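# structure for this input, please:
(chains A, B, C and D)
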2 protein chains.
Amino acid sequence: MITDTRHAIIESAILVFNEDLSAPLEKIADYAGITRRTLHRYFKDRKELMESCECAVQRACYKTNTLAYNSSDDPVEKLENMFHAGMSCGIKYTFLHKLHSLHDHQHSQNSQHCTDYDMTFTLWREHLLVLQSRKLIHTDLSIEWIQAFFRGIVSASVQSQIPGQPLSDQVIKSAWFSFSKGIGM
Amino acid sequence: MITDTRHAIIESAILVFNEDLSAPLEKIADYAGITRRTLHRYFKDRKELMESCECAVQRACYKTNTLAYNSSDDPVEKLENMFHAGMSCGIKYTFLHKLHSLHDHQHSQNSQHCTDYDMTFTLWREHLLVLQSRKLIHTDLSIEWIQAFFRGIVSASVQSQIPGQPLSDQVIKSAWFSFSKGIGM
DNA sequence: AACAGATGTCTCAAATGTGAGACATCTGTT
DNA sequence: AACAGATGTCTCACATTTGAGACATCTGTT
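Numbering: from 1, shown residues only, chains lettered A, B, ... in the order given. Okay, the predicted model is just below:
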């Protein structure tokens, strides 16, 4: 199917780009099990492919994140769900952030990608503020640090697993322990 | 001075490569404030430059890490010193690990770099085992997870700061809180 | 079996990145 | 001021990457 290949290319690209932003497109094609020629039939050039990757990770993160944000009224349960949301995005979550923290990246309110990105992380900010105001987590930690810390947790989890595979229960359990304790729960 | 330039190139290269492994060498020259021509006077080609980067991060991490490992007999104090050692290496620490976790990287006992790398991390393993056997940290967490977790912490710290600058005391403080609590201290 | 759509193969031109020679310039030392 | 060492500029040949045309092949459907 046409969409299968397209999807496979994007997934491979996320994997490869996450490791090497300027990797030759051939490498992505190899990962996807297709020819570079076929890749070019789906994506005119590197820029277009990168754009699609960005949309894909954006959408995935936004979707799972929002779902989790609206999943519960209990603050702690909500946090746990948002934690699992981020974890389930895994490499997509880290890649999304990487794209927006590149040295040449100009973060701008005019770019749709950037506002989408900001919105995704605003949910976290909002909720962390609630948790802090209710003293459910440590109040000396800055919101920025907690967000960076969580990205670190996701990144650690992804790196300690086979790439492309979903995270093992064991890792998720450890990650939750370290994260929840690490923010003073 | 000749060594200054050489050093500046390597530092720039670590910064740039850490973000984009296949970045054009011109980008590194720009960062270092020199011409690509000059870069080539110091390093024959990309391979040689990368090799020097690897040596540089290897040495920096090994040195500070070993120093910290031998700094104290008190297990908790020793851990704290090793924590600070890793943090002070910052981007070098994360880059070192990145190089050895690349998908095409073949980890081998025959490579000097790999055995050096392993040795650096063996210190951590050794000490974490001691801490666990004395129940000073949570014993349900695997050594692998704690090491990955620490990398995540360093990575988070680096990302939440201006690139190239040393970490702020505030971040180090938060990082230590999150790390120590996150391993069950 | 005939067909359409997707993909692979082969090929090529254009763009980009790389390594280095030749020479000018700049900087600090004597 | 003369000099040496380091670096910049300009230039070039070469390698790699990229994007796409032409056509063969393969696969699932009818």
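
# is chain B within reach of the helix or strand encompassing A:H127?
For A:H127, the host element (DSSP states H and E) is helix A:112-133. No - with C-beta under 8 Å from any C-beta of the partner chain as the criterion, chain B is not reached by helix A:112-133; the gap is at least 13.1 Å. C-betas here are computed from N, CA, C, even on glycine.

# contact partners of that helix?
Outside of helix A:112-133, the residues within contact range by C-beta atoms under 8 Å, 6 or more residues apart in numbering or on different chains are A:54-55, A:58, A:61-62, A:65-66, A:69, A:75-76, A:78-79, A:82, A:96, A:100, A:107-109, A:137-139, A:143, A:146-147, A:150.

# if you set the cut-off to 6 Å instead, what comes out?
Helix A:112-133 has contacts (C-beta atoms under 6 Å, 6 or more residues apart in numbering or on different chains) with A:54, A:58, A:61-62, A:65, A:69, A:75, A:100, A:107-108, A:137, A:139, A:143, A:146-147.

# give the buried residues for that helix.
For helix A:112-133, a neighbour-count test (16 or more other C-beta atoms under 10 Å in any protein chain shown) marks A:113-114, A:116-117, A:120-121, A:123-124, A:127-128, A:131-132 as buried.

# now swap in stretch A:33-45 and tell me
A:34, A:39, A:42-43.

# wait, what's in contact with the residue of chain A found nearest DNA strand D?
Closest to DNA strand D within chain A is A:D45: 2.8 Å, counting by C-beta to the nearest atom of the strand. For A:D45, no contacting residues are found, by C-beta under 6 Å, 6+ apart.

# that one and B:A60, how far apart?
39 Å (C-beta to C-beta, to the nearest Å).

# what do you get for A:A60?
37 Å.

# can you check A:K181 too?
Note on A:K181: its distance to B:A60, by C-beta to C-beta, is 30 Å.

# could you list the domains of chain A?
A:1-43, A:54-182 (automatic domain parsing).

# got TSV for the ones you listed, with distance to DNA strand C too?
Below are the domains of chain A laid out as TSV (distance: least, C-beta to the nearest atom of the strand, whole Å):
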stretch	distance to DNA strand C
domain A:1-43	3
domain A:54-182	12
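
# format the ones you listed as TSV; extra columns: mean pLDDT.
TSV is the format used below for the domains of chain A (pLDDT from 0 to 100):
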stretch	mean pLDDT
domain A:1-43	95
domain A:54-182	95
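
# need the residues of chain A near chain B, please.
Within chain A, the positions near chain B by C-beta under 6 Å from any C-beta of the partner chain are A:20-23, A:141, A:145, A:148-149, A:152-153, A:155-156, A:159-160, A:174, A:178, A:181-182.

# go with 8 Å
Within chain A, the positions lying close to chain B (C-beta under 8 Å from any C-beta) are A:19-24, A:101-103, A:138, A:140-142, A:144-145, A:148-149, A:151-157, A:159-160, A:163, A:170-171, A:174-175, A:177-179, A:181-184.

# and stretch A:39-52, end to end?
End-to-end span of stretch A:39-52 (C-alpha to C-alpha, to the nearest Å): 13 Å.

# tell me where chain A has helices.
For chain A, the helices defined by DSSP state H cover A:2-19, A:25-32, A:36-42, A:46-69, A:75-89, A:91-100, A:112-133, A:143-159, A:169-182.

# give me the neighbour count for A:I162.
Other residues lying near A:I162 total 8 when counted by other C-beta atoms under 10 Å in any protein chain shown.

# now what about stretch A:24-36, what contacts it?
Stretch A:24-36 is touched from outside by A:5, A:8-9, A:11-13, A:15-17, A:20, A:38-40, A:46, A:49, B:22, with contacts defined as C-beta under 8 Å, 6+ apart.

# buried ones among these?
A:5, A:8-9, A:11-13, A:15-17, A:20, A:39, A:49.

# quick one: which of the contacts of stretch A:24-36 is nearest to A:C89?
The closest of the contacts of stretch A:24-36 to A:C89 turns out to be A:E11 (C-beta to C-beta; 12.8 Å).

# quick one: residues contacting A:A60.
For A:A60, the contact set (C-beta under 8 Å, 6+ apart) comprises A:89, A:92.

# again with A:Y62
A:116, A:119-120.

# likewise A:A156?
A:A156 touches A:175, B:145, B:148-149, B:151-152, B:155, counting by C-beta under 8 Å, 6+ apart.

# can you give me the neighbour number for A:D140?
For A:D140, using other C-beta under 10 Å, the count is 11.

# same question, A:H138
18.

# most remote residue from chain A's center?
Using C-alpha atoms, centre = their mean, the residue of chain A lying farthest from its centre is A:R37. It sits 29.0 Å away.

# for A:A13, see how far away it is.
Noted for A:R37: a distance of 16 Å to A:A13, by C-beta to C-beta.

# re earlier: max pairwise distance over the contacts of helix A:112-133: which two?
A:E54 and A:T139 (34.6 Å).

# tell me who's in contact with A:Q147.
Listed by C-beta under 8 Å, 6+ apart, the contact set of A:Q147 reads A:121, A:124-125, A:128.

# I misspoke; the intended subject was A:S108.
For A:S108, the contact set (C-beta under 8 Å, 6+ apart) comprises A:C114.

# middle-most residue in chain A, spatially?
Most central in chain A (C-alpha atoms, centre = their mean) works out to A:Y93, at 0.7 Å.
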